[in-house]
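Colleague: Model the following, please.
(4 chains)
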Number of protein chains: 2
Amino acid sequence: MAETSDGPSSEEWRPGQIPPDLDAVSLRMLDVLREDGRISIAALAQQVGISRANAYSRFEALRANGVIVRFTAQVDHVRSGLGVCALVFVTVRQQMWRQFRNQLALMPEVEYCAITTGQHDAMIQIRVPDVATVHHLVTHRLASIPAVKATETVFILDEVLRRPYVLPSDQRPLPQPSGAAPGTDPMPLGMTRFVRADAGRAGLSEL
Amino acid sequence: MAETSDGPSSEEWRPGQIPPDLDAVSLRMLDVLREDGRISIAALAQQVGISRANAYSRFEALRANGVIVRFTAQVDHVRSGLGVCALVFVTVRQQMWRQFRNQLALMPEVEYCAITTGQHDAMIQIRVPDVATVHHLVTHRLASIPAVKATETVFILDEVLRRPYVLPSDQRPLPQPSGAAPGTDPMPLGMTRFVRADAGRAGLSEL
DNA sequence: GTTGAAATTAGTACGAA
DNA sequence: TTCGTACTAATTTCAAC
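Modeller: Numbering: from 1, shown residues only, chains lettered A, B, ... in the order given. Predicted structure coming up:
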């Protein structure tokens, strides 16, 4: 359905070859498509300055390579009746991760779930019609999952920014700070290679 | 944390009339469109069991009412070259919210930003090519914003679940627990009416 | 809200540069 | 590879029911 990765098996993807053939033209196509996913291929070809046939083949390549996962409609949650949003930070009982993931997949009000470093193990974002449902979901539905050891909930008061999808072409060429420059470190890790710890803490006093 | 909506206010939206005309058919249309945003109106009409003309008028109404914000392409971040994702929890200096928002808008690697209750004031999600860029962004770019008082960063190790967009129709009709049932509390608050506190905490021992 | 036309556009299949 | 063109199929629009 909409799951990013419900298991260890990636489809046919080896994390070595990170950008398959993402040249500037294809990146511009992605840039256009993320702002208007219903644009016709003809108009897309015109906007990026290539022929229609070329646009068709690139478009299909982007889908075949898995760079474009899907096209989707972004709906206004408040206008569609789900005006309450919250984050639930979950501590997961070790060796019960699979059960945790399976249970999450059964909860349609969960919009997003990420495994994180730091104090908690996972963060889930839920979208429900009212505050009472948040309470019910956290104290009954989540609590009934054995894999869930503890939770901590914060409400989202306002969503300041929601970009469709960030692209590498957005990022300005970073000025080399001094030592090891950002961008010098390709590091083809598949997002599952960090050390679990309170890493990543960066108080500004550090400066 | 006081005013969350110091931005250009709401467009033409009064939070009273939450569902404008979202009947079951339009909800099914949204359900289809969020899984295939490029489907033709003809095929969409067929899937939800209405005529083409009806589908066209409903489709345009959904866009005009702002229920559908945009159509977008979901890209695989790892395949597109942004394999590192992190959450940065930010403590914002009071009365500098506007500056904070303006600065965020200038940072293309910020995919999402939400104002939250709890220990911190805001959570931002960033998407960058490598770990070094996270460090640089947090300790230099974010730190140089006067509105930012402190930050705390966690890395995202894996993204378990990412639903395109949650819809009310996904939510099962909740069984009435006992007392005040969820769903009995419409509470048309515009997402800016919660009390700042450590509210929402729900230890499972509470059960 | 539905059905059935015409007008437009999308998708495909070729060569040619 | 990319482009340009022609051909076929599909979609959108607009009408009447």
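Colleague: what residues are up against residue A:30?
Modeller: Applying C-beta atoms under 8 Å, 6 or more residues apart in numbering or on different chains to residue A:30 gives the contacts A:62, A:67-68, A:167, A:169, B:73, B:75, B:80. Where you see a C-beta, it was placed from the backbone N, CA and C, and this is true even at glycine.
Colleague: Now the helix or strand harbouring residue A:63: buried residues?
Modeller: In the assignment (DSSP states H and E), residue A:63 maps to helix A:52-64. Buried residues in helix A:52-64, counted by 16 or more other C-beta atoms under 10 Å in any protein chain shown: A:55, A:58-59, A:62.
Colleague: Show me what that helix is packed against.
Modeller: Using 3 or more C-beta pairs under 8 Å, 6 or more residues apart in numbering or on different chains; DSSP states H and E, the elements in contact with helix A:52-64 are helix A:24-35, helix A:41-48.
Colleague: any idea which residue of chain A is furthest from its center?
Modeller: The outermost residue of chain A, judged against the average C-alpha position, is residue A:51 (32.0 Å), by C-alpha atoms, centre = their mean.
Colleague: Let me have the helices and strands packed on helix A:52-64 in a markdown table, extended by mean pLDDT.
Modeller: Listed next are the helices and strands packed on helix A:52-64 as a markdown table, based on pLDDT from 0 to 100:
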| stretch | mean pLDDT |
| --- | --- |
| helix A:24-35 | 94 |
| helix A:41-48 | 96 |
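Colleague: Need the pLDDT of the closest residue to DNA strand C within chain A.
Modeller: Per C-beta to the nearest atom of the strand, residue A:40 is where chain A lies closest to DNA strand C, at 2.5 Å. Here the pLDDT value assigned to residue A:40 is 95.
Colleague: okay, now it: neighbour count?
Modeller: Using other C-beta atoms under 10 Å in any protein chain shown, residue A:40 is surrounded by 12 other residues.
Colleague: if I look at it, how far off is chain B?
Modeller: Using C-beta to the nearest C-beta, to the nearest Å, residue A:40 is found at 10 Å from chain B.
Colleague: For DNA strand D, what is the nearest residue in chain A?
Modeller: residue A:54 (3.1 Å).
Colleague: Isn't that residue up against residue A:44?
Modeller: No - with contact defined as C-beta atoms under 8 Å, residue A:54 does not reach residue A:44; the gap is 10.5 Å.
Colleague: domains of chain A?
Modeller: A:1-74, A:84-155 (automatic domain parsing).
Colleague: Out of those, flag the one nearest residue B:130.
Modeller: Residue B:130 sits nearest to domain A:1-74 of all the domains of chain A, at 10.5 Å, using C-beta to C-beta.
Colleague: so what secondary structure elements neighbour the lengthiest strand in chain A?
Modeller: In chain A, taking DSSP state E as the definition, the longest strand is strand A:148-162. The elements that strand A:148-162 packs onto, with contact taken as 3+ C-beta pairs under 8 Å, 6+ apart, are strand A:84-92, helix A:131-136, helix B:97-105, strand B:110-116.
Colleague: Buried residues of it, list them for me.
Modeller: A:148, A:150-158, A:160-161.
Colleague: hey, which of the domains of chain A is tucked in deepest?
Modeller: domain A:84-155 (a mean of 20; mean count of other C-beta atoms under 10 Å in any protein chain shown).
Colleague: Centre of the chain to that domain, how far?
Modeller: A distance of 16 Å separates the centroid of the chain from that of domain A:84-155, by C-alpha atoms, centre = their mean, to the nearest Å.
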